[in-house]
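Chemist: When you get a sec, could you give me coordinates for this:
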Amino acid sequence: MAYKFRFQKKISKEEAIRPPKEVVSQKNPVSDIRDFTQEKIKQSYCLQKNFLGSGLEFRVFQQLRDLLKDFPQYYIFPQAPMREFIEKKMKDWVLQAHINQKNVDFLVCENQGKNFVPALVVEVQGPEHDKDVEFPNETVLKSDDIKAKLFNALALKCLRIHLRNEVSDTELHSELDGYLRGVLAL
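Modeler: Now for the predicted structure:
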């Protein structure tokens with residue numbers, strides 16, 4: 001048995017888990033995951049057209065893919081959730097909450113047999129990451145700072161590419177090539 005509130009009557013486990021029918025809103029008629037049908041899913045969701053985010057990120061992905069095509073031991077994971085490649089050793093809920101909510105633009109991993117080992121993080125920095133603007137985005141800057149400290153502490157290389165649309169593919173290719181050769185010893 002569970003208690004609805006401290007001084008109220010006992011209720012069954014089923015009542016505690018599922019809200020009463022009168023509480024379920026008409027705007028959202030699905031009150032339980034078991035109520036989802038394919039039709040309701042099709043009405044509510046669709047696949048993203050460009051899950052890489054910006055056109056700049058897509059350009060970086062194309063260049064990374066081209067530069068690493070002759071090195072089959074390296075894999076590129078776009079929009080990699082940090083919680084998937086950073087393992088928690090002790091309970092630090094504040095930092096863990098940040099890690100759980102964040103992705104990196106690209107995670108380059110080296111295939112070492114049965115393991116993919118993180119080798120490099122690539123972050124594409126658009127104008128929202130600029131400190132030297134009239135109204136800097138403090139949330140983004142704080143997140144960038146935490147990521148930088150985290151990657152530094154874990155000895156994970158991080159390439160931050162400050163790009164604008166006017167950067168040519170040749171310039172981008174050259175910059176990435178030089179950095180990858182130095183970091184990944186290509």
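
Chemist: Counting by contacts, list what the one helix or strand Tyr179 maps to packs against.
Modeler: Remark: Tyr179 resides in helix 169-183, with elements defined by DSSP states H and E. In terms of contacts (3 or more C-beta pairs under 8 Å, 6 or more residues apart in numbering; DSSP states H and E), helix 169-183 is packed against helix 55-68, strand 115-125, strand 157-162. All C-beta spots, glycine's among them, are computed from the backbone N, C-alpha and C.

Chemist: Looking at the ones you listed, which is nearest to Leu176?
Modeler: Nearest to Leu176 among the helices and strands packed on helix 169-183 is helix 55-68; the distance by C-beta to C-beta comes to 5.2 Å.

Chemist: Okay, domains of this protein per the record?
Modeler: Domains of the chain are assigned by automatic domain parsing as 2-44, 55-183.

Chemist: can you tell me the distance between the two ends of the last one?
Modeler: The straight-line separation of the ends of domain 55-183 (C-alpha to C-alpha, to the nearest Å) is 25 Å.

Chemist: Please apply the same query to stretch 73-90.
Modeler: Using C-alpha to C-alpha, the two ends of stretch 73-90 sit 31 Å apart.

Chemist: now it: mean pLDDT?
Modeler: The pLDDT scores in stretch 73-90 average 90.

Chemist: can you give me how far it is from the chain middle?
Modeler: Counting by C-alpha atoms, centre = their mean, to the nearest Å, stretch 73-90 is centred 9 Å from the centre of its parent chain.

Chemist: can you list the residues that contact that stretch?
Modeler: 51-53, 57, 61, 64-65, 68, 96, 99-100, 102-112, 116, 118-119, 147, 150, 154, 184 (C-beta atoms under 8 Å, 6 or more residues apart in numbering).

Chemist: measure the residue positioned nearest the centre of the chain to Val117 for me?
Modeler: In the chain, the C-alpha nearest the mean C-alpha coordinate belongs to Asn103, at 1.9 Å (C-alpha atoms, centre = their mean). To Val117, Asn103 is 19 Å away according to C-beta to C-beta, to the nearest Å.

Chemist: With Leu150 instead?
Modeler: Taken as C-beta to C-beta, the span from Leu150 to Val117 is 17 Å.

Chemist: Please apply the same query to Gln38.
Modeler: From Gln38 to Val117 the distance is 39 Å (C-beta to C-beta).
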